[in-house]
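Undergrad: show me how the following folds:
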Amino acid sequence: MNILTEADRQIYRQELAERLPKKLFDAHVHIWGRNSFPADFQFAPRACANRFGGEFPLALWRKTMQELLPEQHVGLLCFGFPNDAADRGIVPEVSGADEFASVLVSPADPVELLAKRLADSAAVGVKPYLNYAAAHYRKRASDVEVFDMLTESQLELLNDAGLAVTLHIPRLARFADPLNQRQMLALCQRYPRISFIFAHIGRAYFMRNILESNLEELAGCPNAFFDTAMVNHVDILKYTFDHFPAERILFGSDAPIALLRGKSIEVNHQYVYLMGEDYDVGTAIRDTEHAVEFTTFFYEQLRAILEAVPEKSLEDVFYHNAVNLFRSIVQK
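TA: Numbering: from 1, shown residues only. Below is the predicted model of the structure:
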């Protein structure tokens, strides 16, 4: 399954190949096979998972990275597809010195079961998601809180083991939400041995969302990290590097969503995905007339990070920060 066009390959040759480090690490990848879902399960017609035949196994990710980044070696942190119907007991079977996996987790999962899944898979952490919390607590998705995502016993288990949590924060105001801010800070302070990786830079896709955040307060927590998944807003990335330690920022893409064609833009203190393909991704405007030639979200993210990251931190953000973190967890 080829992803790139000749125009994409030109972008790689002219803008990316020489500027990117020779090693990259993607800290936010969804990997799953058909066996992760019931035999009769089908994604909604415009779900982005259909772009890849309803599955995105590790072998396909590796092949795709060879196509997108032919001169780079790429490692990853991966987890399953956080759908309500997914089997959370199936964890991607990674291999290699810089491939790591996390376990999908719901607050409905007994701590003993979570402990077994972590041990059986040698995972470095967990990936909760708001739809799991909404279902468990019978809340609307917009009412889910950070504290709903994991139970106290689950957090104690993760803290004792010194593992990582990749957290997609909830609530409509995202990183600008005062309740989110208090609870994000409280988690870092109460569970100092957990590495909290706040995904998508706290879902800060437009400037007001990060200007009204508590980024600098979280900078004081040595166990607070951010991944950059699906953020291609250069000014947001620059602001993040100006106000948060670069050694705790991890490149992430949100593949395979990031392999679709499009670009995230800010419109009137909001964000929207301009889609070059007829799939649903968040708040999307689809260019069904193909008036614009898009490259992938993946390449747009690389462009933005190269523009924003301090040169001295380039290799760390793209590779070493994540690898050092996850290797240290494995060695505990």
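Undergrad: what count of nearby residues applies to residue 53?
TA: Residues near residue 53, counting by other Cβ atoms under 10 Å, number 10. The way it works is simple: take the backbone N, C-alpha and C, and place the C-beta from them, glycine included.
Undergrad: please apply the same query to residue 44.
TA: Using other Cβ under 10 Å: residue 44 sits among 10 other residues.
Undergrad: swap in the one 3 residues further on?
TA: For residue 47, the neighbour count with other Cβ under 10 Å is 15.
Undergrad: same question for residue 292.
TA: Burial of residue 292 is recorded as 11 neighbouring residues (other Cβ under 10 Å).
Undergrad: can you tell me the closest non-neighbouring residue to it?
TA: residue 276 (6.8 Å; Cβ to Cβ, 6 or more residues apart in numbering).
Undergrad: okay, helices next: where are they in the stretch 51-200 of the chain?
TA: Counting by DSSP state H, counting those that start in this stretch, the stretch 51-200 of the chain has helices at residues 58-68, 111-121, 130-137, 152-161, 178-190, 200-203.
Undergrad: now render those as CSV, adding mean neighbour count, distance to residue 50 and mean pLDDT.
TA: As requested, those are exported to CSV (neighbours: other Cβ atoms under 10 Å; distance: least, Cβ to Cβ, whole Å; pLDDT from 0 to 100):
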stretch, mean neighbour count, distance to residue 50, mean pLDDT
helix 58-68, 17, 14, 97
helix 111-121, 15, 27, 98
helix 130-137, 19, 19, 97
helix 152-161, 17, 32, 98
helix 178-190, 17, 32, 98
helix 200-203, 24, 23, 97
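Undergrad: turn those into JSON lines, columns for distance to residue 262.
TA: Formatted as JSON lines, the helices of the stretch 51-200 of the chain follow (distance: least, Cβ to Cβ, whole Å):
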{"stretch": "helix 58-68", "distance to residue 262": "15"}
{"stretch": "helix 111-121", "distance to residue 262": "32"}
{"stretch": "helix 130-137", "distance to residue 262": "23"}
{"stretch": "helix 152-161", "distance to residue 262": "34"}
{"stretch": "helix 178-190", "distance to residue 262": "26"}
{"stretch": "helix 200-203", "distance to residue 262": "15"}
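Undergrad: tell me which of those sits nearest to residue 46.
TA: helix 130-137 (17.9 Å; Cβ to Cβ).
Undergrad: residues making contact with the closest one?
TA: With contact meaning Cβ atoms under 8 Å, 6 or more residues apart in numbering, helix 130-137 is reached by 82-84, 104-108, 139-141, 143-144, 148-149, 168, 170.
Undergrad: sorry, back to before: show me the contacts for the residue nearest to residue 292.
TA: Here residue 276 is in contact with 260, 261, 262, 287, 290, 292, 293, 294 (Cβ under 8 Å, 6+ apart).
Undergrad: backbone phi and psi for the nearest residue to the fifth one once chain neighbours are set aside, please?
TA: If the residues on either side of it in the chain are set aside, residue 290 comes closest to residue 276, at 7.3 Å by Cβ to Cβ, 6+ apart. With angles defined as degrees, to the nearest 10, residue 276 sits at phi -90, psi 0.
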